[in-house]
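Novice: with the input below, show me the fold.
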Amino acid sequence: MNKILILMRRELQSYFTTWLGYIVMAAALLLNGLLFNAFALGDAPKYSSDVLRDFFFFTSGIGMVSAMLLAMRLIAEEKQNKSLVLLFTAPISERQIVWGKFLAAFLMFFLLNILSLYLPALIFVEGKVSLGHIFAGYLGVTLLGAAVLAISLYASALAPTQLLAGVGAAAMTVVMLLLWLLSARSDAPFKDILAYVSIHNERFRPFTMGIIHTRDVIYYLSLTGFFVECAVRATEQRRARG
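Specialist: Numbers count the residues shown, from 1 in each chain. Sure thing, here's the model as predicted:
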């Protein structure tokens, strides 16, 4: 566990010693602010719950893109810099390497969510909103982000460069997003299977409305763990090939 924490701290520091962490966070916060302003202001009055619902739904897209940008470099960058070989010679397992990197990216993503908390808090100035709704919305964004981080980490473990890792992460995420469209045009049992696997839409919408279903939480956690372990396996194969 100590080795995972050491690697996590090292990776976390790298986000702040390069421009990547600052650019991703600044861009995401700017877009979130513009989105919230667009939903909160307008000609027609809106219920606070509707503003929150729309904000969380659309900010999930920003969150997914941010997660891909944060995670696509994690292992692919080590390959490009030829530093992955040095990690392999250290007394640390592939699982510790992968989980340490994942936790660093997750903490960055979590920090991004924390920094945007002031936006829904602004509703209290002229309206009322349930704290439970805010919690559920951010829980959904965080769980969705963790899943996309894991998918992108797997792409990073497979790809030889950061660019290809980004393309692979985007492709896999888009496929997971569009499964609900296929489910709507499929017959049973494929309809139910595709709807169950889809990463967004029916899975995420309840969170935007302040509703937390245990099955959705379990789904996102399971998906995250699955792709992180896939990244572990890909890294083990890379090490075996030398």
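Novice: how confident was the prediction at Ala240?
Specialist: Looking at Ala240, its pLDDT stands at 75.
Novice: what number of residues lie near it?
Specialist: By other C-beta atoms under 10 Å, 8 other residues sit near Ala240. Just so you know, the C-beta spots here come from the backbone N, C-alpha and C atoms, and that holds for glycine as well.
Novice: who touches the residue nearest to the spatial centre of the chain in this structure?
Specialist: Most central in the chain under C-alpha atoms, centre = their mean is Gly145, positioned 2.0 Å from the mean C-alpha point. By C-beta atoms under 8 Å, 6 or more residues apart in numbering, the residues touching Gly145 are 63-64, 66-67, 106, 109, 113.
Novice: what comes up buried for the helix or strand harbouring it?
Specialist: Gly145 is part of helix 131-158 when elements are defined by DSSP states H and E. Neighbour-count burial for helix 131-158 flags 133-134, 136-158 (criterion: 16 or more other C-beta atoms under 10 Å).
Novice: ok, stretch 28-42 next?
Specialist: 28-29, 31-32, 35-36, 39-40.
Novice: from the chain's centre, how far out does that stretch sit?
Specialist: Between the centre of stretch 28-42 and the centre of its chain there are 20 Å (C-alpha atoms, centre = their mean, to the nearest Å).
Novice: contacts for it?
Specialist: 46, 51, 54-55, 58-59, 62-63, 65-66, 112, 115-116, 119-120, 122-123.
Novice: one more: stretch 227-236?
Specialist: 75, 94-95, 97-99, 102, 147, 150-151, 153-154, 156-158.
Novice: do that again at 7 Å, thanks
Specialist: 75, 94-95, 97-99, 102, 150-151, 153-154, 157-158 (C-beta atoms under 7 Å, 6 or more residues apart in numbering).
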